[in-house]
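> here's a sequence, model it:
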Amino acid sequence: MKRIILTLILALSLILPSQAQEKEQKVKTLEELEQKAGEPAVPDTLQLPEEEAAIVEDAEVPSEETSTVSVGDFITVEEKGNETIVRIGRKGVRIIEDGDETEIHIGDYYDECPHKTGRRSFKGHLGGVEFAFNGYMSDYWTTSLDPSESYMNLNTGKSTTFNIIFPNVSLAFTPHFGLVAAIGINWSDYHFDNNNNIDTDDNGYVIPVYPPDGIRFEKTKLNTTYAVLPIILEGQIPVSGRRTINIGAGFIGAIKLGSNTKMVYYENDKKKFKNKDDFSLNLLRYGVTARAGYEMVHVYGTTYFSPMFEKGLGPELYPFEVGIALTFNN
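Okay, here's the model as predicted:
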């Protein structure tokens, strides 16, 4: 753009003087003819008919040149003067050059986007990080365990889940209602409350593991890692401007990536032991998830309908988690 401006200035500097000389020559010739005819000389001023003068007065000054390049339906690059705006959907970056200084502004330019539509304004709230307390139920809405399964009792204050949910894919049905899906990673720590850990016997059945006499476990827990796929229907209630209260519920599936147990105890000094194994955990899980919140902060809950362990190889327990979600894709 700077090259274009310099080129225009150079061209004008060459053209304007020649036009001025030509005009001066014409006026001089006209004055000589008038003198010969005995008529008063015409003033050295260009006079236009009233209609043409009115047109000139009403004409608008050309606006600053703007060039726009679009890539697909959502990417637009616009250059106007010393500003360049790159838009992807409703988000954009504005670059302003002022002499030797350059300013960069990142913001929402949706209102200026030439490709906006009502449906494209919907964006689900699912991607981000989640922190929750976890546990499992022995039956619907029951966390009490059979005495024979007491080795699975949890320290609920230390049993936690951490999720990373990657940016979602949104399918809009209306500007404030749509389907949202994403993939993520789930890390869950199940801290046992009693003086035991777990393992599997030669047949793969889950059994308790107790320390030798005189030793108490300082920490015992089961760690699981799953890839998760939540798919929810989300409704948004506008409250002020673009801010919304969001409510969603739907299906969640999971596939196991890994698992291990860990124990910490003291025998003369501190000892740690970690055991990586399958522990007869179900490879696949499925259940339901729901969430509600304002803007990027939500409370959520997930419960699985598939048992934690393979059928016949462990207690019939159904995992759940309840916590807070922070979404970063508004």
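> so what's L229 bridging to?
Per DSSP bridges, the residues bridged to L229 are G253.
> same question, the one 5 residues further on
In this structure, E234 bridges to G178, G248 when assessed by DSSP bridges.
> quick one: low-confidence parts of the protein?
Low-confidence segments of the chain (pLDDT under 70): 1-65, 69-74, 89-91, 107-121, 329-330.
> switch to 80 and redo it
Scanning the chain for pLDDT under 80 picks out 1-78, 80-82, 86-94, 97-121, 140, 241, 329-330.
> helix or strand right after the helix or strand hosting T261?
Using DSSP states H and E, T261 sits in strand 243-267. The helix or strand immediately downstream of strand 243-267 is strand 269-276, counting by DSSP H and E.
> could you list the alpha-carbon positions for that next one in PDB?
This file holds the C-alpha atoms of strand 269-276, laid out as PDB (Å, rounded to 0.1, in the frame of the first residue of the first chain):
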ATOM      1  CA  ASP A 269      12.300 -45.000  55.200                       C
ATOM      2  CA  LYS A 270       9.700 -43.900  52.700                       C
ATOM      3  CA  LYS A 271       8.900 -46.400  50.000                       C
ATOM      4  CA  LYS A 272       6.800 -46.000  46.900                       C
ATOM      5  CA  PHE A 273       5.400 -48.800  44.700                       C
ATOM      6  CA  LYS A 274       3.600 -48.400  41.400                       C
ATOM      7  CA  ASN A 275       2.000 -51.200  39.500                       C
ATOM      8  CA  LYS A 276       0.800 -50.800  35.900                       C
END
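> what is the next helix or strand after that strand packed up against?
The helix or strand immediately downstream of strand 269-276 is strand 284-294, counting by DSSP H and E. If contacts are counted by 3 or more Cβ pairs under 8 Å, 6 or more residues apart in numbering; DSSP states H and E, strand 284-294 sits against strand 217-240, strand 243-267, strand 297-304, strand 318-327. No exception for glycine: its C-beta is placed from N, CA and C like everyone else's.
> count the residues that sit near R242.
14 (other Cβ atoms under 10 Å).
> who's M137 bridged to?
Y318.
> does it touch Y318 like I think?
Yes: M137 is within contact range of Y318, at 4.8 Å (criterion: Cβ atoms under 8 Å).
> now the common contact residues for the two.
Residues touching both M137 and Y318 by Cβ atoms under 8 Å, 6 or more residues apart in numbering: T303.
> hang on, S150 in a strand?
No: judged by DSSP: H, G, I helix; E, B strand; the rest coil, S150 forms no part of a strand; its state is helix.
> next up, phi/psi of the nearest residue to it once chain neighbours are set aside, please.
In this structure, S150 finds its nearest non-sequential neighbour in N194, 6.6 Å apart by Cβ to Cβ, 6 or more residues apart in numbering. Torsion angles at N194 (phi, psi; degrees, to the nearest 10) stand at phi -90, psi 170.
> measure N194 to L154 for me?
10 Å (Cβ to Cβ, to the nearest Å).
> the two: which is more packed in?
Each of N194 and L154 has its neighbours counted (other Cβ under 10 Å); L154 has more, 21 against 15.
> right, and that one touches S188 too?
No: with contact defined as Cβ under 8 Å, L154 does not reach S188; the gap is 11.0 Å.
> tell me who's in contact with I104.
Listed by Cβ under 8 Å, 6+ apart, the contact set of I104 reads V93, R94, I95, I96.
> centre of the chain to the helix or strand containing it, how far?
Using DSSP H and E, I104 maps to strand 101-108. Centroid displacement of strand 101-108 relative to its chain, using Cα atoms, centre = their mean, to the nearest Å, is 19 Å.
> take stretch 93-101, keep the C-alpha atoms, and write them as CSV.
Extracted in CSV, the C-alpha atoms of stretch 93-101 (Å, rounded to 0.1, in the frame of the first residue of the first chain):
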residue,chain,number,x,y,z
VAL,A,93,-7.0,-9.6,14.4
ARG,A,94,-6.7,-5.9,13.7
ILE,A,95,-3.2,-4.6,12.8
ILE,A,96,-2.6,-0.8,12.8
GLU,A,97,0.6,0.7,11.5
ASP,A,98,1.4,4.2,12.7
GLY,A,99,4.8,5.3,11.5
ASP,A,100,7.4,3.0,13.2
GLU,A,101,4.8,1.7,15.6
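> give me the sheet partners of the strand holding I104 and which way each runs.
strand 91-98 (antiparallel).
> and the strand it pairs with, what's buried?
In terms of neighbour count (16 or more other Cβ atoms under 10 Å), strand 91-98 has its buried residues at G92, R94.
> so what's the gap between it and the chain middle?
For strand 91-98, the distance to the chain centre is 20 Å (Cα atoms, centre = their mean).
> what does stretch 305-321 give?
Centroid displacement of stretch 305-321 relative to its chain, using Cα atoms, centre = their mean, is 33 Å.
> list the buried residues of that stretch.
P307, M308, F309, E310, L313, G314, P315, L317, Y318, P319, F320, E321.
> of those, which is the nearest to S159?
Relative to S159, the closest of the buried residues of stretch 305-321 is E321; by Cβ to Cβ it sits at 9.3 Å.
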